[in-house]
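Trainee: Provided below for reference: sequence and predicted model.
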Amino acid sequence: MAGQEFSSLVDSGLLKEVEEIVVAAYLAANPGASRPAAYHWLRYEDPAPVERLSEGVRKLAGRGARFSPVAVDKACAKASKLGYLN
C-alpha cells in the first residue's frame, strides 16, 4: 500500500476498513480499553498511517490478538482489486 496514492486509500474506504480491523483486534485483546486508547496505542497521528497500521498488526499478532478473518479477507480482496496487493 505504501507505493499507492494516499488519497485512493481514503477514497476507496480501504484505509478505514483496515483501521477498523486493527482497532477491533486491539480492543478484543485489551478488555476495557477504549477506541481512543487504541488510536493512541497505534500512534495514529503519525504522518504514515499505513505503516502504523502494519506495525500495529505485527505487535498485536505477537501478543496473540485475533483478527476477524471475514474482515481481513474482505479488506484484502478490496486491496487486490484496487491494485494494492499482487
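Mentor: Received the coordinates, thanks.
Trainee: list the contacts of residue 36.
Mentor: Taking Cβ atoms under 8 Å, 6 or more residues apart in numbering, we find residue 36 in contact with no residue. Using the backbone N, CA and C atoms, a C-beta is placed for each residue, glycine as well.
Trainee: look at it and give its secondary structure.
Mentor: Secondary structure, DSSP: H, G, I helix; E, B strand; the rest coil: residue 36 is helix.
Trainee: which other helices and strands contact the longest helix along the chain?
Mentor: In terms of residue count, the longest helix belonging to the chain (DSSP state H) is helix 14-29. Other helices and strands packing on helix 14-29, by 3 or more Cβ pairs under 8 Å, 6 or more residues apart in numbering; DSSP states H and E, are helix 35-42, helix 49-62, helix 69-81.
Trainee: send the alpha carbons of the longest one over as CSV?
Mentor: This file holds the C-alpha atoms of helix 49-62, laid out as CSV (Å, rounded to 0.1, in the frame of the first residue of the first chain):
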residue,chain,number,x,y,z
PRO,A,49,-0.9,5.7,9.0
VAL,A,50,-0.4,2.7,6.7
GLU,A,51,2.9,2.0,8.3
ARG,A,52,1.4,2.5,11.8
LEU,A,53,-1.4,0.0,10.9
SER,A,54,1.1,-2.5,9.7
GLU,A,55,3.2,-2.1,12.8
GLY,A,56,0.1,-2.4,14.9
VAL,A,57,-0.9,-5.7,13.2
ARG,A,58,2.6,-7.1,13.9
LYS,A,59,2.6,-6.1,17.5
LEU,A,60,-0.9,-7.4,18.2
ALA,A,61,-0.3,-10.7,16.4
GLY,A,62,2.9,-11.1,18.5
